[in-house]
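# Just need the structure, nothing else, for what follows:
(one chain, ligands or ions: 1)
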Amino acid sequence: MANIIDGNKIAKDIRLKLREETLAFKEKTGLVPGLAVILVGEDPASQVYVGRKGKACEEVGFLSREYRLPADTTESKLLTLIHDLNRDEFIHGILVQLPLPKHIATDKIIAAIDPHKDVDGFHPYNVGGLVTGSPLFIPCTPRGIMELIASTRIELAGKDAVVVGRSNIVGKPMALLLLAQNATVTMCHSKTRDLPAVTSRADVLIAAIGRARMITADMVKDGAVVIDVGVNRLDNGKLAGDVAFDEVVAKASYITPVPGGVGPMTIAMLMKNTLDAAKMKA
Ligand code: NDP
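Residues are numbered from 1 along each chain as shown. Predicted coordinates for the structure are as follows:
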C-alpha cells in the first residue's frame, strides 16, 4: 500500500515558514511583498482559484490586489493594466489567471509582464531560463511537485521519470525540472503510441492530462512514485484526478490524492515566488 503524500500539510508548513520569512523581510527592508492577480471573465473555477490566492496572500502577510475584469475587456485595456502594474512599486508579482477569453492573445499578454514580476514563470525569458538552468521563477505547479517528490526523500538521479501531458504550464516545465535532477525523462502526449508500455517503466510517474482516472493500475510499475496533477469534475460534482487512485494506491510506493495533493502546493509556490520577487527588488 502506498504512502499518501499529504499536499495540504506540506503546503501549510511552507506557508507558515513563508509567514516568518515575510515578517523578517518586512523588518529588514520596510517592504511588503505585493501580488496582483488579474481575472478576466467569470469562469467559476478561475474565480475559486483567484479567491484562494488572495486568501493565501493574507495568511503569509502579503499585499494582495485583485483585478476582476469583465469578459469583454479588450486586449489593449489588459495590456495597459499590465504596463501600469509593471511600473507599480508596491507590486512585486503579477499573475494573469488563465485561460483568458478567446479574443485575447495569451502569448502577447504573458510577454507583456516584466520577467522580474512574472511569478507564474510563463514569460519566454523565464521559460528560456528554465531550459538553460537559471530561471528567475519556476512555474508554480511543477515547482510544487518537485517539493512533493523531495518529501519522499527518493533520489531522482538515474531514475526513469515519465510525464504524461506536454502543456507549457505543467508538462514541459515538469520534464525540465526532472531532467535538471538527473532523471531520465520521457514525455508522453495524445499521439504517444502504447502509453501503458511507457508509463509502466516509470519509477516516477506524473499525470497531467485532464482526463479522470485515465492512469489505471496496469499502467503503473510496482513501487512507483505517482503524482496526480489532474483536476476533473465528475458528473456527480466530485473532483477526481487523472489517476485511478483506488487501484493505483495498492501498487505505488507514494501517491498524491486529489484533492489535497498538488493543488495546495501550486498556491504555496506562488507565495514563494512572490517573496522571491520582492527579495529581488530589495
Ligand atoms: P492541457 O489540456 O493543456 O494538456 C493536457 C495534455 O494531456 C496534452 O499535452 C495532451 O496531449 C495530453 N493528453 C490528452 N489526452 C491524452 C491521452 N489520451 N493520452 C496521453 N496524453 C493525453 O492541460 P494542463 O497541462 O493545463 O492540465 C492538465 C491537468 O492538470 C488538468 O486536469 C488541469 O485541471 C490540471 N491542473 C492542475 C493544477 C493544480 O494546481 N492542481 C495546475 C494546472 C493544471 P496533446 O498535447 O497531444 O494534446
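
# Up against the ligand, what does the stretch 51-200 of the chain have?
Selection of the stretch 51-200 of the chain residues close to the ligand by C-beta under 6 Å from any ligand atom yields 141, 164-167, 169-171, 188-192, 195. For glycine as for every other residue, the C-beta is placed from the backbone atoms N, C-alpha and C.

# Which stretches in the stretch 51-200 of the chain count as strands?
Using DSSP state E, counting those that start in this stretch, the strands of the stretch 51-200 of the chain run over 63-69, 93-96, 160-164, 184-188.

# Generate a markdown table for those strands, with mean pLDDT and mean neighbour count as supplementary columns.
Formatted as a markdown table, the strands of the stretch 51-200 of the chain follow (pLDDT from 0 to 100; neighbours: other C-beta atoms under 10 Å):
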| stretch | mean pLDDT | mean neighbour count |
| --- | --- | --- |
| strand 63-69 | 98 | 16 |
| strand 93-96 | 98 | 26 |
| strand 160-164 | 99 | 26 |
| strand 184-188 | 98 | 19 |
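
# closest to residue 236 out of those strands?
strand 160-164 (24.8 Å; C-beta to C-beta).

# could I get the strands of the stretch 51-200 of the chain as CSV with distance to residue 209?
As requested, the strands of the stretch 51-200 of the chain are exported to CSV (distance: least, C-beta to C-beta, whole Å):
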stretch, distance to residue 209
strand 63-69, 30
strand 93-96, 24
strand 160-164, 5
strand 184-188, 9
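
# Buried subset of the residues of the stretch 51-200 of the chain next to the ligand, written for ChimeraX?
Paste this into ChimeraX to select the buried members of those, with burial taken from 16 or more other C-beta atoms under 10 Å:
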select :141,164,165,166,169,170,171,188,195
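
# Determine which two of the residues of the stretch 51-200 of the chain next to the ligand are furthest apart.
141 and 191 (22.8 Å).

# Quick one: residues contacting residue 35.
53, 57, 62-65, 91-95, 119, 270, 274 (C-beta atoms under 8 Å, 6 or more residues apart in numbering).

# quick revisit: closest one to residue 114 among the strands of the stretch 51-200 of the chain?
Between the strands of the stretch 51-200 of the chain, strand 93-96 lies closest to residue 114; by C-beta to C-beta that is 7.4 Å.

# Export the closest one to CSV, keeping only CA atoms.
What follows is strand 93-96, C-alpha atoms only, in CSV (Å, rounded to 0.1, in the frame of the first residue of the first chain):
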residue,chain,number,x,y,z
GLY,A,93,4.4,39.8,-8.7
ILE,A,94,1.8,39.8,-11.5
LEU,A,95,-0.4,36.8,-12.3
VAL,A,96,-2.9,36.7,-15.1
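
# for it, the distance to its chain's centre please.
Relative to its chain's centre, strand 93-96 lies at 13 Å (C-alpha atoms, centre = their mean, to the nearest Å).

# Show me what it pairs with in its sheet, parallel or antiparallel.
strand 34-40 (parallel) (DSSP bridges).

# What residues of the strand it pairs with count as buried?
34, 35, 36, 37, 38, 39, 40.

# Tell me the one of the residues you listed nearest residue 240?
residue 39 (25.1 Å).

# Is that closest one in contact with residue 51, as I believe?
No - with contact defined as C-beta atoms under 8 Å, residue 39 does not reach residue 51; the gap is 9.6 Å.

# With pLDDT and distance to the ligand added, can I get the buried residues of strand 34-40 in JSON lines?
Converted to JSON lines, the buried residues of strand 34-40 look like this (pLDDT from 0 to 100; distance: C-beta to the nearest ligand atom, whole Å):
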{"residue": "34", "pLDDT": "98", "distance to the ligand": "22"}
{"residue": "35", "pLDDT": "98", "distance to the ligand": "17"}
{"residue": "36", "pLDDT": "98", "distance to the ligand": "20"}
{"residue": "37", "pLDDT": "98", "distance to the ligand": "15"}
{"residue": "38", "pLDDT": "98", "distance to the ligand": "17"}
{"residue": "39", "pLDDT": "98", "distance to the ligand": "16"}
{"residue": "40", "pLDDT": "98", "distance to the ligand": "17"}
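
# Alright, that wraps it up for me.
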